[in-house]
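K.L.:
sequence first, then the predicted structure:
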Amino acid sequence: MGGERKFRAVRGVKDILPEQVAAWRHVERTFREVFALYGYGEIRVPIFEETALFARSIGETSDIVEKEMYTFPDKSGNSLTLRPEGTASVVRAFMENSLDKLQPPVKLFYMGPMFRYERPQKGRFRQFHQIGCEFFGVAGPEADAELLQMVHYAFDRLGVPGLKLKINSLGDGECRPKYREALIDYFRPLAEKLCENCRRRLEANPLRVLDCKAASCRELRREAPRTGDFLCGDCGNHFQAVKGYLEEWGVPCTVDSEMVRGLDYYTRTTFELTSDRLGSQDAVAAGGRYDELVESFGGPPTPGLGFALGMERLVLLLPEGAGGGERVPPVFVAALGEEARRIGLRYVTELRRKGVPAALDYDGRSLKSQMRRADRMGARHVLILGDKELEAGRLLLRDMSTKEQEEVSIGSAVERAANLNRKAAE
RNA sequence: GUGGGUGUAGUUCAACUGGUUAGAACGCUGGACUGUGGCUCCAGAGGUUGGGGGUUCAAGUCCCCUCACUCACCCCA
């Protein structure tokens, strides 16, 4: 080896070990099933894109674009960026592959790593993982309600406790500019009292002031105009209808008129699923409608909506050992002596070829040590072969839970062990 | 990017106001049982006290720098 320094994972990234992967797979499996039920197909998009794609969709003045992207020039000088979220790529792919020419709706889901240069803390990493989906081509409130219902259903199946669903409507190209103006008018005389941050973004992105957690800003916005009061007729009706469906379908949620998302492409419905058990990074999933995004990319006017969840945060909320216990216990082959070990290795291979997980000791340890190993890896059956057994042509097959041992002939040992193991696995 | 807290065996933690050879539990390896797991008992391996510098006769302990983790701000999934 002769290593001169120890390598460590870089700041903000994590190894996910087998023990934890069980929970991850459990989540992934659940969402794959739910997505299938709701008609979503999986899409796999690149991990990096042209920088401008994200700048344009997420918003030039958003924090993500301003200071959190992993942006680098490639060898030919193009500016590329590790994706900080999934929607921009999926929308790009949707257009590039002419999915906009298909009969709507088009429903796509994805899962994978995202990258944001942020200060790591609980539930926040520089490489993190999202599961998300995008739903194109349906403008009506049924789409919003269905998406919310699906999210609610999936989390319900996972049994995540203590979640709260908050929804809001931000209006559209018609009424949002008016609301924006009203907000600026309201806050401008108060600008002195706003926090430094909000003062700066008042003109660029006034909606964000609503989201500020500073006590002073919180106080100042008490009398601020509400999104709800400015929704145009269409947006108001849309929002009413969404809420109506949710109530009818028993999807619990509360309206939070101060909730603003950090990505600029949202219109009308937005939502957030939060947990009180995550500390300050409390959003587990979030999303909303983005009816103007496809068009802003030069595509045909296409309504769309979607959501994404944070894997690391969701896994934090899962009960201990979630997704475990699905492992099939192996048959352990305990071999004593060189000849026995050669045969043991062959048995292990044969068992595996029959679809039975099998293991043995690679180091030629004592039988006691091998038994302990078998016990620890949860083997239900151990095939014991040593000189005595080889001579007699009969091996021992031990049931670890009952401690009963039967003799089996060399020829039938593998078959017998495989059958018992299968039966025990049921 | 800003502020607070914390870094000691693989893991969770000890070590009085600086003072001999840095301990325990769990885990790991072996033995008691020389060919049979879990329980018990015994033994063993395993540490440049995150890294670097400084103060001191003496630093795990005090000071500085750095890195990481953590909490909050910020931001968001």
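P.N.:
Everything's here; your move.

K.L.:
the stretch 201-350 of chain A against RNA strand B: which residues are in contact?
P.N.:
The stretch 201-350 of chain A comes close to RNA strand B at residues A:208, A:211-214, A:261-263, A:272-273, A:279-286, A:308-310, A:312-313, A:336, as judged by CB under 7 Å from any atom of the strand. C-beta here means a position set from N, CA and C on the backbone, and glycine is covered the same way.

K.L.:
give the buried subset of those as a ChimeraX selection command.
P.N.:
Command for ChimeraX, covering only those of these found buried under the criterion 16 or more other CB atoms under 10 Å:
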select /A:208,212,261,262,263,272,273,281,283,284,285,286,308,309,310,312,313,336
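
K.L.:
the residues of the stretch 201-350 of chain A next to RNA strand B in strands, which ones?
P.N.:
A:272-273, A:283-286, A:308-310 (DSSP state E).

K.L.:
and the strands in the stretch 1-150 of chain A?
P.N.:
A:41-42, A:48-50, A:70-73, A:79-82, A:106-115, A:127-136 (DSSP state E, counting those that start in this stretch).

K.L.:
report whether the fourth one contacts RNA strand B.
P.N.:
By that I understand strand A:79-82. No: contact between strand A:79-82 and RNA strand B is absent, the nearest approach being 13.2 Å (criterion: CB under 7 Å from any atom of the strand).

K.L.:
and that strand, what's buried?
P.N.:
Residues A:80-82 are the ones in strand A:79-82 that count as buried (16+ other CB under 10 Å).

K.L.:
again, but for the second one
P.N.:
Buried residues in strand A:48-50, counting neighbours by 16+ other CB under 10 Å, are found at A:48-49.

K.L.:
show me what that strand pairs with in its sheet, parallel or antiparallel.
P.N.:
strand A:79-82 (antiparallel) (DSSP bridges).

K.L.:
tally of neighbours for the nearest residue to A:Gly287 once chain neighbours are set aside?
P.N.:
Nearest residue to A:Gly287 in three dimensions, chain neighbours excluded: A:Phe307, at 2.6 Å (CB to CB, 6 or more residues apart in numbering). Residues near A:Phe307, counting by other CB atoms under 10 Å, number 24.

K.L.:
next one: A:Phe307 from A:Arg353, what distance?
P.N.:
44 Å (CB to CB, to the nearest Å).

K.L.:
repeat for A:Asp276
P.N.:
Distance from A:Asp276 to A:Arg353, by CB to CB: 51 Å.

K.L.:
what about the longest helix along chain A, distance to the chain center?
P.N.:
Criterion DSSP state H: the longest helix present in chain A is helix A:18-37. The chain centre lies 9 Å from the centre of helix A:18-37; the measure is CA atoms, centre = their mean, to the nearest Å.

K.L.:
who are the packing partners of it?
P.N.:
Here helix A:18-37 touches strand A:106-115, strand A:127-136, helix A:141-158, helix A:311-317, going by 3 or more CB pairs under 8 Å, 6 or more residues apart in numbering; DSSP states H and E.
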